[in-house]
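K.L.:
missing the sequence, but the structure's below:
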């Protein structure tokens, strides 16, 4: 991979290792510490992220857009 992503790209979920279309992926931008100027982007299935986050942490409604209400 050359590091260039577009709407046709597939990315690997950082929780399960399976690939998914970039347009469907949750994008996590992480910094090694509070003073870091550089970040790393990770990708995941939305449901995997929601499952891993402690239940009392409020999440944006878009994290649940694919669920039946």
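P.N.:
Yes, it's here. Keep in mind that what you see is a predicted model, and the values were worked out from it rather than measured.
K.L.:
and residue 49, helix, strand or coil?
P.N.:
Per DSSP: H, G, I helix; E, B strand; the rest coil, the local secondary structure of residue 49 is helix.
K.L.:
tally of neighbours for the closest residue to it other than its chain neighbours?
P.N.:
Using C-beta to C-beta, 6 or more residues apart in numbering and skipping residues adjacent in sequence, the residue nearest residue 49 is residue 26, 5.1 Å away. Heads up, the C-betas are built off the backbone N, CA and C, glycines and all. Counted with other C-beta atoms under 10 Å, residues neighbouring residue 26 total 20.
K.L.:
what does the one 4 residues further on give?
P.N.:
Here the neighbour count serves as a burial measure; for residue 30 (other C-beta under 10 Å) it reads 10.
K.L.:
ok now do it, which residues does it touch?
P.N.:
Contacts for residue 30 (C-beta atoms under 8 Å, 6 or more residues apart in numbering) come out as 39-42.
K.L.:
determine which two of those residues are furthest apart.
P.N.:
39 and 42 (9.9 Å; C-beta to C-beta).
K.L.:
in terms of neighbours, single out the busier of the two.
P.N.:
Neighbours per residue, other C-beta under 10 Å: of residue 39 and residue 42, the larger number sits with residue 42, 17 against 11.
K.L.:
A helix includes the more buried one, no?
P.N.:
No - Residue 42: not assigned to a helix; according to three-state DSSP it is strand.
K.L.:
just grab the bridge partners of it for me.
P.N.:
Judged by DSSP bridges, the bridge partners of residue 42 are residue 28.
K.L.:
that one and residue 56, how far apart?
P.N.:
Applying C-beta to C-beta, to the nearest Å, the value for residue 42 to residue 56 is 23 Å.
K.L.:
ok, residue 9 next?
P.N.:
Taking C-beta to C-beta, one finds residue 9 at 34 Å from residue 56.
K.L.:
now do residue 28
P.N.:
20 Å.
K.L.:
which of those two has more neighbours?
P.N.:
Neighbours were counted for residue 28 and for residue 56 using other C-beta under 10 Å; residue 28 has more, 13 against 5.
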